[in-house]
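Undergrad: Pasting the sequence and the predicted model now:
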Amino acid sequence: MYLPSRIKLKYIGWFLAVLFIFPVFKDIFVHLFFYTSKTIDFSYRTDPQLRDLKEKNLRLSLELKRLQNLEQENIKLKKAIGIRSKSRVSLTYAKIIGFSPSTWRRIAYISAGKDSGIVSDSLAIDENGYLVGKIIEVKDDFSTLALLHDPYLSLPVFIKDKGMAWLQGSLRGDLALRYVESKQKAAAGDEVSAVWRESGFAVRVGELKAVQERKDDFFLDVRLEPSADFNSLREVFILD
Amino acid sequence: MKPSTIKIFSALVLFLFLDFFRPLHFALTAELLFIGIIFVSLHFALTYSLVFCAVFGILKDSFSSSFFLFHTTCFILFTVIINYVRTQFHAKRALKTAVVVLSIAAYAILNSIAFSAFDFWLMFSFCLQSFLLFYVVDYFLMPWVRGLSHD
């Protein structure tokens, strides 16, 4: 009968240890290889002209999205329920100056506060127009932004044209959508958006990843994959 | 002020900054300041480490949107317990590993309860990363603080 030698057992032990430890450090390796270059703050990144162009670009893409949404919506119904429509949305640029040092919170501190006109509960989007979180506290010259993965974040959202749901932050991976009924017929791949106040702007949050029925529960178990990339997030735009 | 005090203080300030700026975003789940606090509690006198725990606990609490002085209380509690265990038992190496493992696990559990956010994978990742990082910190920081070299 073949018996592995002690040396072989040692190597197998090392191999198993690496296999066991690797998943824990996978995110760090990925971050080091792919995102470090993006997060290094070169001077051109803070160039005001570039920032303005980014802002204009984002505003235009949001405007385009809004027009596409308006095309699909029933205008008569909108009028009937008296939704006011703002002509354009205003954006405030802010840099992320730090994060909560606690692993159990997903909070970012941003460089815009009351002095920039930021108000509590405003939505924050990234340069692609995807929702990254919600302002939870505003100070004179900085604000606290709860990212989508913060366990304390909750937000009303829309699943395509299938009605409302309640977004609940979770510490990592997919987010949970609460209070989704089976009659809403939500399916994997459906786009989820948050609407910014009365403006009618639909800000993309992500898309449904899994929809499952629960035993003895009135509501469905719905998982949402956020569209924003949180690994290279260094600047945000606040909707107001 | 002793040079070792200044070195420990600057190391803890650096850890707090790294926790705040998060150069690896949330890929690194370990909290460096907590690792530094365990290091101080294991190697220095109780009064000395209590002062560091109070100062850095308050600093951390002011940044982390936690409820009233949660981290300060945690740090002080851990320091007192670690110091008590140190004075009662003398099996140095095994004790050190046991204290580190138990402190990290207890801290993860306390945080999960305090923030009502349970995630098994996050806790596992936090414990393993913190444990390995503690030994890295211990290996490099101790000789520097004591003014020794590895050679």
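TA: Sure thing, it's come through.

Undergrad: any idea which helix or strand carries A:V30?
TA: Assigned by DSSP states H and E, A:V30 belongs to helix A:6-30.

Undergrad: Going by neighbour count, list what's buried in that helix.
TA: Judged by neighbour count using 16 or more other C-beta atoms under 10 Å in any protein chain shown, the buried positions of helix A:6-30 are A:24-25, A:27-28. For every residue, glycine as well, the C-beta is placed using N, CA and C.

Undergrad: Let me know the closest of the residues you listed to chain B.
TA: Taking C-beta to the nearest C-beta as the measure, chain B sits nearest to A:D27 out of the buried residues of helix A:6-30, at 3.6 Å.

Undergrad: The closest one: what's its closest spatial neighbour, skipping adjacent residues?
TA: B:A27 (3.6 Å; C-beta to C-beta, 6 or more residues apart in numbering or on different chains).

Undergrad: so B:I104 makes contact with B:F131?
TA: Yes - applying C-beta atoms under 8 Å as the test, B:I104 and B:F131 come out as touching, 5.9 Å apart.

Undergrad: between the two, which one's more packed in?
TA: Shown here are B:I104 and B:F131; by other C-beta atoms under 10 Å in any protein chain shown, B:I104 has more neighbours (25 against 17).

Undergrad: Where is the longest helix in chain B?
TA: As assigned by DSSP state H, the longest helix anywhere in chain B is helix B:120-146.

Undergrad: Now do the same for stretch B:16-33: mean pLDDT, whole number.
TA: Mean pLDDT, computed over stretch B:16-33, is 90.

Undergrad: show me what contacts A:V89?
TA: A:V89 makes contact with A:59, A:62-63, A:66, A:196, A:199, A:201, A:239-240 under the criterion C-beta atoms under 8 Å, 6 or more residues apart in numbering or on different chains.

Undergrad: One more: B:H90?
TA: Neighbours of B:H90 in contact, by C-beta under 8 Å, 6+ apart: none.

Undergrad: any low-confidence regions in chain B?
TA: B:65-67, B:91, B:148-151 (pLDDT under 70).

Undergrad: Could you tell me which residues of it lie near chain A?
TA: Counting by C-beta under 8 Å from any C-beta of the partner chain, chain B comes close to chain A at B:16, B:19-31, B:33, B:60, B:63-66, B:71, B:111-112, B:114-117, B:119, B:121-122, B:124-126, B:128-129, B:132.

Undergrad: In helices only, show me the residues you listed.
TA: Of the positions in those, B:16, B:19-21, B:33, B:60, B:63, B:71, B:111-112, B:114, B:121-122, B:124-126, B:128-129, B:132 sit in helices, assigned by DSSP H.

Undergrad: Could you identify the buried members of those?
TA: B:16, B:19-20, B:33, B:60, B:63, B:71, B:111-112, B:114, B:122, B:125-126, B:128-129.

Undergrad: which one of those residues sits closest to chain A?
TA: Using C-beta to the nearest C-beta, those come closest to chain A at B:D19, 3.6 Å.

Undergrad: circling back: what does the residue nearest to A:D27 show for phi and psi?
TA: With angles defined as degrees, to the nearest 10, B:A27 sits at phi -70, psi -30.

Undergrad: next one: the one 3 residues further on
TA: Main-chain dihedrals, B:A30, degrees, to the nearest 10: phi -70, psi 150.

Undergrad: ditto for A:E213
TA: Reported as degrees, to the nearest 10, the phi and psi values for A:E213 are phi -80, psi 150.

Undergrad: I'd like to know how far it sits from A:H31.
TA: 36 Å (C-beta to C-beta, to the nearest Å).
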